[in-house]
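Colleague: give me coordinates for this.
(chains A and B)
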Amino acid sequence: MTIGTGAVLMAIGAGIAVGCSAIGSGIGVGIVGSAASGVISERSEKFGMALVFTAIPQTQAIYGLLIAILILQAGGFLGGTAADIPTPAGLVAVAAGLAVGLAGFSAIGQGIAASSGVANTAEKPEMFGKGVVFSAVCETQAIYGLLIAVLMLALTGILSSDFSVEMPVAIGLVGAGLAVGLAGFSAIGQGITCSSGIAATARNPGAIGRSLVFAAMSETFAIFGLLVAILILFGLGLFSG
Amino acid sequence: MFYPARMNSVVIGIHNRWLMDVTSALHEQGELEVLDLKKGTGTEIPQTSFEIPRGDIERIISLQFRYDRILEILEPYEVRPEGVLSLLFPKDSQPLPVRYDTPGDVFQAAHEMLDQAEPVLTTYEALKQNRELQQVTRERIENLNRLAVPGCSLSYLAPAPYTFLVAGWILQESLPLLEAWFRESGTDEIYHHTIQNGQEIIVLCIGTLAMRPRLEELAHHAWFFRITLPDSYTGMPGEMIRTEQNRLEEYMREEESLTAHLISMAESHLTPLRVIREELSIWRDRYEVSRNFGSSRDVIYLHGWIREKDQARLHDVLRKVTGDEFFLFSKPADPEDDVPVRYDNPGWLAPFEILTTTFSRPRYNEIDPTPFFAPAYLLFFGLMLGDAGYGIIIALVGWLLYRGPGRHDVAFRDMSYILIWCGVADILLGTLQGGWFGDLLPRFFNVTPPFVLIEPLNQPILLFQIALIIGTIHINLGIFLGLWQNVRDRMYRTAIMDHGIWFVIQPAAVVLLIDFFGWMTFSPLVTHFAILGTVIGLLVLFFRNGPMGFFSLTGFLGDWLSYVRILALALATGGIAMTINILSEMIASVHPLMIIPAILFCIAGQLFNLAIQTLGSVIHALRLHYIEFFGKFYSGGGKEFVPFHEHRVYTSGTREEVI
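Modeller: Sure thing, here's the model as predicted:
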């Protein structure tokens, strides 16, 4: 059996998807996990609460895994033999991997916010809901990455194992993947704002609305990335079927 | 129900002979928030502080302290049912129909109960003493075991006329310290003998009486653990060990008997103790609330907030208690005042208030978003999780929690109520998405799920469009509510420039975008109107917000696109569940016997997916409300309405039975 370039690229796409998002999640979980350890060293009864916050930045890795599995399934990898895949189709998988994988670094911002959530909730249990919401704000970038990755795979037909996508379209999609993926790093700034927002809300519960507005401002840059990615998809004629 | 309850500010005057009767009646009624009269009422009311009867409060505090002490001792000995089933289906403990009408009755009952419960303290003291004796005995047995070496008689440790002996032990790592001490002390005058015993070294040092200070000094070193035994101990250690062990067994039997006695007393005394403790707290609250009252020679004044619709009942209570010897001034709340906020939702909606409060309680005169929140939250949750199998589990867990711990904890009850409805929403919307533990049914049982309208993994674009349509409706509902609120407050300029303008920008932008992308062709008139609407909209935005008007546009776009998380989460649930099923299938295909690990893997994986995706759906459905929806009309920040209300757990407050 000969493995073609397309299959190799598809495997790389799956690897980027799960690998990059797992790095992001790992760092994010590490940040919140260290805060959680500090909290439970003093107050072991807070373990359940700390565990919820620690679980929040894991989602990015799950999104990456999802895209990786969808790519592998479409490429026939899960059946034991990779299909004969044209190079452009493989490149689309790389683009999807970049979109969800790079956007997975948003978990770092989420970890920063969640660590503040753990610390503040340990002192004020009523902060739990607000801390979780602030932490969830930073996941939007990952969701945009996942969305674009799914759209790429669905609109090019790869999700249903139709590999007829053309090379210029596939190269263009790499640009879309980079746009939304790299814009996902804006979540790190957002995480810093959310972390301060949690602290501000713990001091003054009335500050939640304005703090969320500040936090949402960093998201503007992720929206730029998403918008550019959608425009690329549109410009490549994918929305017109 | 779309606004918090209408409140009235009331000032009540009663003759001072009705003070405790009225206070008790208001406490039972639990509908009036009592304010501090010294902080002003807006009316000309005498504001002389009311003198609290200190003697009664001090008596209550003293009794509470004694009750707390006894309860603290007895509660660990309460026999509680164990196991998961008893946690989920706890036995009903009905509050007792108990009420004491006067503080005198409570004091009398409290003292009678204390007399009955007095043995608890003596039994507990005896138990403490017994445990101390056990500890001492165990230590002695340990030390005797250390000395149980051939030829060592305990009589050597007893005081002697010419010599002084110190026995003890050190840890292996302290040996250099001991050797250094010997070098410094001079071994000629102190005879010592060491015995290795595992990681411990037994040390026996003997010297003349002149060496006693040096030997005492050895015993004071932190690394030296001295062995001291009563002078009466004679003979070989083995014999004494047997004696001590017999004594220890005797202590343990006594402990069992004392513990059984405490368990029995817990069974008979805990309930009456808790009942009276609760009554004492209630009476203390009644006394302490009077700090907020004012008084003149014969009249006591109260000031507070009450729900408009409860005011008639307040009148009735006052009339019944005082026989019309009262006056009541009332005026509707001025929204400019610091009016406490009480939700005004029907019972089926009320549990969702907890989610609104998590963000912030509405201000008085501000729209209560709960009626809009609840249905949309369930819709989003159901769409995001999108798996009927998971929905069944969630509804079941919610029901078990509602039936179990939810019966005793209001917050728990509300959360489990919400969980049940989330499960139901997920069953319905999961069925429409064909999710039954992912693709478990078609993959393993060749069954096509019924009633499927849309499959997220196969039709992501359709779900993408649905998510954006839902987002459009939801955001516009928020904008409309903001518009409504501002019109109601007569803030017409804000209504038009912050809210109304979006109803111009949106359709104009839609026409231009459709025209730009060539999806449809419009007549020139429509296009011109769209251009005009867009220009006007942008001018208003930039006029209103300055350069930040740009962020209003991107913010709106971001809010709208944010709803695609509905698609993303639905895909994630279905995709991960499908992955687990595929991996389970691969494990099972290795060998026929591998079917068992495959099933276990499938169950564990599905439970993991259920937990992580439920968490995600809860959080993101909340986020869509708190940020995208609330941001359009809601700020919150209202003060909680805290009525003067009896908090009863162990008693029902009815006058039927006195313990």
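Colleague: can you point me to the longest helix in the chain?
Modeller: Picking chain A for this. helix A:5-42 (DSSP state H).
Colleague: not quite, I wanted chain B
Modeller: Max-length helix for chain B by DSSP H is helix B:237-289.
Colleague: any idea how far the helix or strand following that helix is from the middle of the chain?
Modeller: Using DSSP states H and E, the helix or strand that follows helix B:237-289 in sequence is strand B:294-295. Distance of strand B:294-295 from the chain centroid (C-alpha atoms, centre = their mean, to the nearest Å) equals 38 Å.
Colleague: measure how buried the closest residue to chain B within chain A is and give me the count.
Modeller: Per C-beta to the nearest C-beta, residue A:129 is where chain A lies closest to chain B, at 3.7 Å. Glycine gets a C-beta too; all of them are placed from N, C-alpha and C. Residues lying near residue A:129 (other C-beta atoms under 10 Å in any protein chain shown) number 20.
Colleague: host element of it?
Modeller: Applying DSSP H and E, one finds residue A:129 within helix A:128-137.
Colleague: so for whichever helix or strand comes after the longest helix of chain A, mean pLDDT?
Modeller: The C-terminal neighbour of helix A:5-42 among helices and strands, as given by DSSP H and E, is helix A:47-55. Averaging pLDDT along helix A:47-55 gives 83.
Colleague: now swap in stretch B:207-214 and tell me
Modeller: 83.
Colleague: report the buried residues of that stretch.
Modeller: By 16 or more other C-beta atoms under 10 Å in any protein chain shown, the buried positions in stretch B:207-214 come out as B:207, B:211, B:214.
Colleague: which residues are in contact with residue B:26?
Modeller: Contacts for residue B:26 (C-beta atoms under 8 Å, 6 or more residues apart in numbering or on different chains) come out as B:32, B:34, B:302, B:314, B:317, B:644.
Colleague: what helices or strands is the helix or strand where residue B:444 lies leaning on?
Modeller: Assigning secondary structure by DSSP H and E places residue B:444 in helix B:440-445. Identification of packing neighbours for helix B:440-445 by 3 or more C-beta pairs under 8 Å, 6 or more residues apart in numbering or on different chains; DSSP states H and E yields helix B:565-588.
Colleague: tell me what the helix it packs on is packed against?
Modeller: helix A:59-74, helix A:140-155, helix B:370-385, helix B:440-445, helix B:460-488, helix B:595-623.
Colleague: ok, and does the last one reach over to chain A?
Modeller: Yes. When contact is scored as C-beta under 8 Å from any C-beta of the partner chain, part of helix B:595-623 falls within range of chain A: B:612, B:615, B:616, B:619, B:620, B:622, B:623.
Colleague: what helices and strands are in contact with that helix?
Modeller: helix A:47-55, helix A:59-74, helix A:128-137, helix B:370-385, helix B:388-403, helix B:565-588.
Colleague: report the mean confidence score over the helix or strand just after that helix.
Modeller: For helix B:595-623, the following helix or strand on the C-terminal side (DSSP H and E) is strand B:639-640. Averaging pLDDT along strand B:639-640 yields 89.
Colleague: can you give the contact residues for strand B:639-640?
Modeller: B:338, B:339, B:340, B:341, B:361.
Colleague: three-state assignment of the residue in chain B positioned nearest to chain A?
Modeller: As assessed by C-beta to the nearest C-beta, chain A sits closest to residue B:358 within chain B, at 3.7 Å. Following DSSP: H, G, I helix; E, B strand; the rest coil, the label given to residue B:358 is helix.
Colleague: neighbours of it, how many?
Modeller: 18.
Colleague: for the strand or helix carrying residue B:552, packing partners?
Modeller: Assigned by DSSP H and E, residue B:552 belongs to helix B:549-562. Helices and strands touching helix B:549-562, as assessed by 3+ C-beta pairs under 8 Å, 6+ apart, comprise helix A:208-235, helix B:460-488, helix B:524-545.
Colleague: dump those helices into a markdown table; add mean pLDDT as well.
Modeller: What follows is these, written out as a markdown table (pLDDT from 0 to 100):
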| stretch | mean pLDDT |
| --- | --- |
| helix A:208-235 | 84 |
| helix B:460-488 | 91 |
| helix B:524-545 | 87 |
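Colleague: could these go into JSON lines alongside mean neighbour count and distance to residue B:345?
Modeller: As requested, the helices and strands packed on helix B:549-562 are exported to JSON lines (neighbours: other C-beta atoms under 10 Å in any protein chain shown; distance: least, C-beta to C-beta, whole Å):
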{"stretch": "helix A:208-235", "mean neighbour count": "20", "distance to residue B:345": "22"}
{"stretch": "helix B:460-488", "mean neighbour count": "18", "distance to residue B:345": "16"}
{"stretch": "helix B:524-545", "mean neighbour count": "15", "distance to residue B:345": "34"}
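Colleague: starting at the chain centroid, how far to the helix holding residue B:444?
Modeller: 41 Å.
Colleague: alpha carbons only: can I get that helix in PDB?
Modeller: Taking Å, rounded to 0.1, in the frame of the first residue of the first chain, the C-alpha atoms of helix B:440-445 are listed here in PDB:
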ATOM      1  CA  LEU B 440     -24.900   4.300  19.900                       C
ATOM      2  CA  LEU B 441     -28.200   3.100  18.500                       C
ATOM      3  CA  PRO B 442     -27.400   2.900  14.800                       C
ATOM      4  CA  ARG B 443     -23.800   1.800  15.300                       C
ATOM      5  CA  PHE B 444     -24.400  -1.100  17.700                       C
ATOM      6  CA  PHE B 445     -28.100  -1.900  17.400                       C
END
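Colleague: which positions within it qualify as buried?
Modeller: B:440, B:441.
Colleague: next one: stretch A:154-161
Modeller: A:154, A:155, A:156, A:157, A:158, A:159.
Colleague: tell me the domain ranges of chain B?
Modeller: B:133-248, B:350-632 (the TED database).
Colleague: what sits against the residue nearest the centre of chain A?
Modeller: Nearest residue to the geometric centre of chain A (C-alpha atoms, centre = their mean): residue A:142, 2.5 Å. Applying C-beta under 8 Å, 6+ apart, we find residue A:142 in contact with A:21, A:59, A:60, A:63, A:100, A:103, A:104, A:106, A:107, A:184, A:187.
Colleague: cool, and residue B:544?
Modeller: Per C-beta under 8 Å, 6+ apart, neighbours of residue B:544: B:497, B:498.
Colleague: what residues does the stretch 401-550 of chain B have near chain A?
Modeller: B:457, B:458, B:460, B:461, B:464, B:517.
Colleague: ok so, going back, could you export the helices and strands packed on helix B:565-588 as TSV, including distance to residue B:2?
Modeller: Shown next, in TSV, are those (distance: least, C-beta to C-beta, whole Å):
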stretch	distance to residue B:2
helix A:59-74	35
helix A:140-155	30
helix B:370-385	6
helix B:440-445	42
helix B:460-488	9
helix B:595-623	21
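Colleague: my guess is residue A:104 contacts residue A:62, does it?
Modeller: No. Applying C-beta atoms under 8 Å, one finds residue A:104 not in contact with residue A:62, separated by 9.7 Å.
Colleague: which is the next helix or strand following the lowest-mean-pLDDT helix or strand in chain B?
Modeller: When the helices and strands of chain B are compared on mean pLDDT, DSSP states H and E, helix B:84-88 comes out lowest with a mean of 66. Next along the chain after helix B:84-88, taking DSSP H and E as the criterion, comes helix B:103-147.
Colleague: next structured bit after that following helix?
Modeller: strand B:163-171.
Colleague: identify all contacting residues around that next one.
Modeller: In contact with strand B:163-171 (C-beta under 8 Å, 6+ apart) are residues B:146-147, B:156-157, B:177-178, B:197, B:199-209, B:211-212, B:215-216, B:218-219, B:223-227.
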